[in-house]
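Chemist: Build me a model:
(chains A and B)
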Number of protein chains: 2
Amino acid sequence: MTVSDLGEHALLARILARLPRPGAQILVGPGDDAAVIEPGRNHRLVVTTDALVEDVHFSRAWCRPADIGRKALAVNLSDLAAMGATPRWALLSLAVPGALPVEDVEQLTEGLAALAQVHGVSVAGGNITRSPGGLVVDVTVGGEVASRRWLTRSGGHPGDELWVSGTVGAARAGLEMLVAGDAADASCIARHVRPEARVRLGIVVAKAQAARAAMDLSDGLADAVRKVAVASGCGALVSGEAVPVDPAARRWWERRGVDVLDSAVAGGEDYELLFAVPPRWGGRLRNVRRRVATPLITRIGVLTRDGGLWLERDGHRHSWPEGFEHFRG
Amino acid sequence: MTVSDLGEHALLARILARLPRPGAQILVGPGDDAAVIEPGRNHRLVVTTDALVEDVHFSRAWCRPADIGRKALAVNLSDLAAMGATPRWALLSLAVPGALPVEDVEQLTEGLAALAQVHGVSVAGGNITRSPGGLVVDVTVGGEVASRRWLTRSGGHPGDELWVSGTVGAARAGLEMLVAGDAADASCIARHVRPEARVRLGIVVAKAQAARAAMDLSDGLADAVRKVAVASGCGALVSGEAVPVDPAARRWWERRGVDVLDSAVAGGEDYELLFAVPPRWGGRLRNVRRRVATPLITRIGVLTRDGGLWLERDGHRHSWPEGFEHFRG
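Modeler: Just a heads-up that it's a prediction; the model follows:
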């Protein structure tokens, strides 16, 4: 059986089953947005790694090198944001085709470096190697979080409300526009090419203890709701009407006659944050919203005691859609 | 100009020139074997990242998946050893061709996990993505080192003796045997396929303050001597007769009529350690040798005040050979 036959989630399960039990220093091990490590007293190190692979995550036909470098850091910052951690340093590992123009590598570095400066992240080191295939940009980011303040996917309880930041669907719509060669909406395309990681929102939510679980929407809302619910041992009920579909993405899909909600919740790369919040913590969440004006946060549903995953629309309950699967399609 | 035209070292210089000055937390930034970070008082975090790329660093024709996973960790452990750091945790980032058998990914994980257990390293997390090209295994390792005890490439002074651990050349000879389809010596092939990182030696040397500079021989002795000398603002004079060429590699090259010393010092992937040691620290080094029986350490030369890099053989001084260059040849 090949990895394409098996699919990403099952492959990941097989990898995790083969890793030894992490040592006592590892407070949060494999399977969350990032790992939390306690290397010494009074220090909590949060680390994550994520790669952008040419012709899987980006095409050089429509991503400028600076945007590729920027995005390779942004997707990692998003993972740290989902843990409520403050990013501090990054390592850059590049596999570069020999025929790539030197200027492209320079601009890629500049794009990454510019975003690093915005967030006070030091590029501490890295590695460069030749690639006989396409360009691979693998970034590791390290940061810190206060003791017992990090957010995992598994912290949710039945009755917790599900809140999502910003809007969903724009990045997928933007990618569809690029593939179709139809630049219908610049904001959607920008969401695909230059995603924003919700660094400040994640930090403020964690510091304020305003959520019990969190995850980023790297693989879409459908995937994030499913993973937070399953990791928390809950079901979920989401109101389709409440999902904040990006207006331009909505217009794009309406024009093409496809189901707006299905496309929006399945679309990856929004890099918004999903939170599980007990109703009685509403005051804390309002404080967060006062301190972080953008993005908005919208209540979309609730974690439930039964294990079912449901999408409510037009007065009916539908099975919650499968998320995006790498290795498929 | 393409990256192949420019070459690895010049490309790296262009990347480094575009990175912002690292923040105060970064005690050793880009350009050494690993970065040293001070995330809080009384903690020194050492991190490095290194990738193995299919058909650049390994061929699936002659590397079993378990060996690929093992080696991807070993090369990172070697970087930490060169800093004198104790490895603690690792992140595994995989880019996997869809057609790869699932069993290969499982065995790769098991190979990495087994070496991680040997060194007490926890696999804390990672990432998996599809690769439209070959397999890419990118590992990040984090560890720790006592305050002011880490070893950099730049710490050497004129008059420091150069010492190298183990033997050199075997990994290159082993790779040549694999390419030639002539399994002339199993130990050389094993050095290429299953390299040992000198983890304990690096830690003991650093703790004993028995060296002023160190680097691992990932890209060969020629490269390491050059980089330590240049980073330390010194020249170097190495005695060809003193270089501990692996005996089986010597026989392989003698049989083929190629220059043994040239091949051995240019050959990469030995993963031995090079140290610069002031002569008056000889007692400390003898203590290290009592505590770490294998590998042996051999004095091969000296750092000099003038900037010249010389190889002495047959009573004559020759220019020190260029090291291995990725993107070339």
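Chemist: Make sure residue A:46 is indeed in a helix.
Modeler: No - using DSSP: H, G, I helix; E, B strand; the rest coil, the assignment for residue A:46 is strand, not a helix.
Chemist: ok, it to residue A:308 distance?
Modeler: 32 Å (CB to CB, to the nearest Å). Where C-beta positions appear, they are placed from N, C-alpha and C, glycine not excepted.
Chemist: Which one of those two is surrounded by more residues?
Modeler: residue A:46 (27 against 14; other CB atoms under 10 Å in any protein chain shown).
Chemist: Residue A:38 is in contact with that one, correct?
Modeler: No - judged on CB atoms under 8 Å, residue A:46 makes no contact with residue A:38 at a distance of 10.7 Å.
Chemist: so who does the one residue in chain A that gets nearest to chain B touch?
Modeler: Here chain A gets closest to chain B at one residue, residue A:133, 2.1 Å apart by CB to the nearest CB. Residue A:133 is in contact with A:54, A:97, B:131-134, counting by CB atoms under 8 Å, 6 or more residues apart in numbering or on different chains.
Chemist: Mind pulling the model confidence for it?
Modeler: You'll see residue A:133 listed with a pLDDT of 94.
Chemist: part of a helix, is it?
Modeler: No - counting by three-state DSSP, residue A:133 is not part of a helix but coil.
Chemist: Next one: it from residue B:323, what distance?
Modeler: Separation of residue A:133 from residue B:323 (CB to CB) stands at 25 Å.
Chemist: How about residue A:148?
Modeler: For residue A:148 relative to residue B:323 (CB to CB), the value is 48 Å.
Chemist: now swap in residue A:74 and tell me
Modeler: Note on residue A:74: its distance to residue B:323, by CB to CB, is 35 Å.
Chemist: okay, stretch A:104-112 in PDB with CA atoms only?
Modeler: Output of stretch A:104-112 as PDB, limited to C-alpha atoms (Å, rounded to 0.1, in the frame of the first residue of the first chain):
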ATOM      1  CA  ASP A 104      14.800  34.100  -6.100                       C
ATOM      2  CA  VAL A 105      16.700  32.800  -3.100                       C
ATOM      3  CA  GLU A 106      17.600  36.300  -2.100                       C
ATOM      4  CA  GLN A 107      14.000  37.500  -2.400                       C
ATOM      5  CA  LEU A 108      12.700  34.500  -0.600                       C
ATOM      6  CA  THR A 109      15.100  35.200   2.300                       C
ATOM      7  CA  GLU A 110      14.000  38.900   2.300                       C
ATOM      8  CA  GLY A 111      10.300  38.000   2.400                       C
ATOM      9  CA  LEU A 112      10.900  35.700   5.400                       C
END
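Chemist: Let me know whether it sits next to chain B.
Modeler: Yes - residues of stretch A:104-112 contacting chain B under CB under 8 Å from any CB of the partner chain: A:105-106, A:109-110.
Chemist: residue with max distance from the center of chain A?
Modeler: residue A:99 (31.5 Å; CA atoms, centre = their mean).
Chemist: Regarding that residue, what is its secondary structure?
Modeler: Quick answer, by three-state DSSP: residue A:99 is coil.
Chemist: And residue A:4, by the same measure?
Modeler: Recorded secondary structure, residue A:4: helix (three-state DSSP).
Chemist: and the closest residue to it other than its chain neighbours, backbone torsions?
Modeler: Leaving aside its chain neighbours, residue A:4 sits nearest to residue B:98 (3.6 Å; criterion: CB to CB, 6 or more residues apart in numbering or on different chains). Phi and psi for residue B:98, reported as degrees, to the nearest 10, are phi -60, psi -30.
Chemist: I figured residue B:98 hits residue A:7, correct?
Modeler: No - Residue B:98 is not in contact with residue A:7 according to CB under 8 Å; the separation is 10.2 Å.
Chemist: Tell me where the model's unsure across the stretch 51-200 of chain A.
Modeler: Along the stretch 51-200 of chain A, no part satisfies pLDDT under 70.
Chemist: how about the helices of it, start to end?
Modeler: A:65-83, A:102-118, A:170-180, A:186-193, A:199-207 (DSSP state H, counting those that start in this stretch).
Chemist: right, quick check: the first one against chain B, any contact?
Modeler: Translated: helix A:65-83. No - using CB under 8 Å from any CB, helix A:65-83 stays clear of chain B, coming no nearer than 9.0 Å.
Chemist: tilt between that helix and helix A:199-207?
Modeler: 10 degrees (axes from the mean of the first three to the mean of the last three CA atoms, to 10 degrees).
Chemist: now do the shortest one
Modeler: Calculated by the same axes, to 10 degrees, helix A:186-193 forms an angle of 70 degrees with helix A:199-207.
Chemist: Just the buried residues of helix A:186-193, please?
Modeler: A:188-189, A:191-193 (16 or more other CB atoms under 10 Å in any protein chain shown).
Chemist: a markdown table for those residues, including distance to chain B?
Modeler: Formatted as a markdown table, these follow (distance: CB to the nearest CB, whole Å):
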| residue | distance to chain B |
| --- | --- |
| A:188 | 23 |
| A:189 | 22 |
| A:191 | 20 |
| A:192 | 17 |
| A:193 | 18 |
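Chemist: Contact partners for the spatially most central residue of chain A?
Modeler: The centroid of chain A falls nearest to residue A:218 when counting by CA atoms, centre = their mean (2.9 Å). When contacts are counted by CB under 8 Å, 6+ apart, residue A:218 is found next to A:50, A:75, A:78-79, A:268-269, A:271.
Chemist: Same list (those) but as JSON lines, adding neighbour count.
Modeler: Below are the contacts of residue A:218 laid out as JSON lines (neighbours: other CB atoms under 10 Å in any protein chain shown):
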{"residue": "A:50", "neighbour count": "26"}
{"residue": "A:75", "neighbour count": "24"}
{"residue": "A:78", "neighbour count": "28"}
{"residue": "A:79", "neighbour count": "29"}
{"residue": "A:268", "neighbour count": "21"}
{"residue": "A:269", "neighbour count": "22"}
{"residue": "A:271", "neighbour count": "24"}
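Chemist: re earlier: buried ones among the contacts of residue A:133?
Modeler: Buried by 16+ other CB under 10 Å: A:54, A:97, B:131, B:133-134, out of those.
Chemist: Report the two of these separated the most.
Modeler: A:97 and B:131 (13.4 Å; CB to CB).
Chemist: Tell me if residue A:251 really is in a strand.
Modeler: No - applying three-state DSSP, one finds residue A:251 to be helix, outside a strand.
Chemist: Now for it, how many residues are close by?
Modeler: Using other CB under 10 Å: residue A:251 sits among 15 other residues.
Chemist: can you tell me which residues contact it?
Modeler: A:184-185.
Chemist: the helices in the stretch 201-329 of chain A, which residues?
Modeler: Going by DSSP H, counting those that start in this stretch, the stretch 201-329 of chain A shows helices at A:221-231, A:247-256, A:260-266, A:282-291.
Chemist: picking up where we left off before, winner for burial among the helices of the stretch 51-200 of chain A?
Modeler: Highest mean neighbour count of the helices of the stretch 51-200 of chain A: helix A:65-83, a mean of 27 (counted as mean count of other CB atoms under 10 Å in any protein chain shown).
Chemist: Phi and psi next, for residue A:50.
Modeler: According to degrees, to the nearest 10, residue A:50 has phi -150, psi 140.
Chemist: That one pairs with what?
Modeler: Beta-bridge partners recorded for residue A:50 (DSSP bridges): residue A:139.
Chemist: mind checking how far it is from residue B:127?
Modeler: On the measure of CB to CB, residue A:50 and residue B:127 end up 5 Å apart.
Chemist: what sits in contact with each of the two?
Modeler: Common neighbours of residue A:50 and residue B:127 (CB under 8 Å, 6+ apart) are residue B:93.
Chemist: any idea of the mean pLDDT for the helix or strand containing residue A:36?
Modeler: Per DSSP states H and E, residue A:36 falls inside strand A:35-40. Strand A:35-40 comes out with an average pLDDT of 92.
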